[in-house]
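**Student:** no sequence on this one, just coordinates:
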């Protein structure tokens, strides 16, 4: 996940669950960062672990819909269900991180209690859990991937350059290609938001013509540069122009102001958090890269 504000926190209502599977990083990708983890939790755990007062009860893990607060509530924080014997996240040690056991349903084996999470399912794919475990084993850093600051990943003592290619201008472009690597990709958007929150469009067809069929490639092909069914004068995604992308207006609830229908998506809610919307906007503004 590239450095996008948020990180995705609550990337992501910590997992506004629709029963759709999450998507793990591709093999060979860098170790998942806090952006990926927070977005995943946001998309799947927020219905209960929200900053809404009174949720949840005995184990005060509210505010998972806020990336900064979520990090503080998880990392090196004792798990109440183990009476403090395990931390929710133990940096460098996923095997002794209670969060991993709760996600896998092995919490009773380490002295925990309660149900596997997310409670009642759908549960996270093992690939997603493994990705979270990799983040923990790598130190559970709050720093987002590709953060260039002379202390992590900087090979020549010049900020903004991680590859000795001569780009030392702090612009975040480390490959001399002229593109800014910090913009999120469609993989980020699909795996942490669309696949989790757009269940009505997850099959092989839809009355609007926007369907994903369980595939990021299919979703991308039906979104980018494709006229919106409800407003043919505007593309669902107009690369580089979030304000004139119909999908952005639909999730913001502003489609009626641009000539479309004013039904906000996801239909009937829960609607996306501002963090999630900002991630999609950043992806579009960055060129809607696949």
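**Tutor:** Noted; the coordinates are in hand. Keep in mind the model is a prediction, meaning the values are calculated, not measured. Numbering: from 1, shown residues only.

**Student:** for stretch 201-212, how far is the first residue from the last?
**Tutor:** Across stretch 201-212, the terminal residues are separated by 6 Å (C-alpha to C-alpha, to the nearest Å).

**Student:** Next, the buried residues of it.
**Tutor:** Neighbour counts using 16 or more other C-beta atoms under 10 Å place 201, 202, 206, 210, 211, 212 of stretch 201-212 among the buried residues. All C-beta spots, glycine's among them, are computed from the backbone N, C-alpha and C.

**Student:** Give the single residue among the residues you listed positioned nearest to residue 33.
**Tutor:** Of all these, residue 212 has the smallest distance to residue 33: 24.8 Å, by C-beta to C-beta.

**Student:** What about the buried residues of stretch 201-212, which are in helices?
**Tutor:** When these are checked against helices using DSSP state H, none is located there.

**Student:** where's the dip in pLDDT among those?
**Tutor:** Least confident of the buried residues of stretch 201-212 in the model: residue 202, at 76.

**Student:** hang on, isn't it packed against residue 190?
**Tutor:** No - assessed by C-beta atoms under 8 Å, residue 202 is found out of contact with residue 190, at 11.2 Å.

**Student:** so what's in contact with these two at the same time?
**Tutor:** Taking C-beta atoms under 8 Å, 6 or more residues apart in numbering as the contact rule, residue 202 and residue 190 both touch residue 212.

**Student:** thinking again about what came up before, wait, which of the buried residues of stretch 201-212 is closest to residue 70?
**Tutor:** Using C-beta to C-beta, the buried residues of stretch 201-212 come closest to residue 70 at residue 202, 26.2 Å.

**Student:** Against residue 38, how distant is the closest one?
**Tutor:** 23 Å (C-beta to C-beta, to the nearest Å).

**Student:** Residue 231 contacts residue 258, doesn't it?
**Tutor:** Yes - Residue 231 lies in contact with residue 258 (C-beta under 8 Å); the separation is 7.0 Å.

**Student:** shared neighbours of the two, which are they?
**Tutor:** Joint contacts of residue 231 and residue 258 (C-beta under 8 Å, 6+ apart) are residue 246.

**Student:** The particular helix or strand that has residue 278 in it - what's its average pLDDT?
**Tutor:** Remark: residue 278 resides in helix 274-285, with elements defined by DSSP states H and E. Averaging pLDDT along helix 274-285 gives 93.

**Student:** What ranges does the stretch 51-200 of the chain have for its helices?
**Tutor:** Using DSSP state H, counting those that start in this stretch, the helices assigned to the stretch 51-200 of the chain run over residues 67-74, 98-104, 126-137, 186-189, 195-197.

**Student:** buried set for the fourth one?
**Tutor:** Neighbour counts over helix 186-189 (16+ other C-beta under 10 Å) mark 186, 187, 188, 189 as buried.

**Student:** Going by distance to residue 224, which of the buried residues of stretch 201-212 wins?
**Tutor:** residue 210 (11.3 Å).

**Student:** Wait, that closest one touches residue 223, no?
**Tutor:** Yes - with contact defined as C-beta under 8 Å, residue 210 reaches residue 223; the gap is 6.8 Å.
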